[in-house]
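1. pasting the sequence and the predicted coordinates here, then a few questions.
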Amino acid sequence: MSDPRGNPHEEDYSDLLASLKPPPTPPQGPAPRAVAPARGRSLWPAAGLLAVVGLCALGWAVFSGGKGEPTKLTGAGAALVVRQRIAGLRVDLQRYSLDCNRFPRDGEGLQALVSRPQGPDAPGSWRGPYAAPADLLDSWGHPFVYVGSEGAYRISSLGADNKPGGEGDSADFVYDSKDGEAGLLGM
């Protein structure tokens, strides 16, 4: 094939190019619209809730051993738990005092926070319980020692060895309501 303009060296490739083009597609209606991203809830609130629940479960497992009983801790963890429990007992004793117009007596002890004291001088306005039985135990599972007198009290933990004196885990923790915060001794 020769060029219609008269150039004998050029061939006509128009037929070949036409055969390589894809056939036209028939129209298929309107062009599709872009789909807007779905509006949904964020996962952050669920993740936050899961984190809070996880921390609560971890705290329960650490402080109760997962059995509802106090775990016997050691070191700084035990000291922290003893301080927290003494602080909680102080609040419970204040509530008891507001209701009964006095702190529990020696014979009643901290058990007066859990069950109504009995006897002729038992307070008539007891509205407890003010504490759970597990709250009356220190980090090592020993009962706190309570000494009460008119208008004052003393709470102590004798440490891991449950004997007066000692160092480290065996150190004593004492809170005396007359001395206030400075009365809390220990590690």
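-> Happy to help now that I have it. Numbering: from 1, shown residues only.

2. elements contacting the lengthiest helix in the chain?
-> In the chain, with assignment by DSSP state H, the single longest helix is helix 75-100. Here helix 75-100 touches strand 152-157, strand 173-176, going by 3 or more CB pairs under 8 Å, 6 or more residues apart in numbering; DSSP states H and E. No exception for glycine: its C-beta is placed from N, CA and C like everyone else's.

3. could I get those strands as a markdown table with mean pLDDT, distance to residue 166 and mean neighbour count?
-> Shown next, in a markdown table, are the helices and strands packed on helix 75-100 (pLDDT from 0 to 100; distance: least, CB to CB, whole Å; neighbours: other CB atoms under 10 Å):
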| stretch | mean pLDDT | distance to residue 166 | mean neighbour count |
| --- | --- | --- | --- |
| strand 152-157 | 89 | 11 | 21 |
| strand 173-176 | 87 | 11 | 20 |
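
4. could you redo these as CSV and give each row distance to residue 81?
-> Listed next are the helices and strands packed on helix 75-100 as CSV, based on distance: least, CB to CB, whole Å:
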stretch, distance to residue 81
strand 152-157, 10
strand 173-176, 10
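
5. which one, of the ones you listed, ends up nearest to residue 79?
-> strand 173-176 (7.5 Å; CB to CB).
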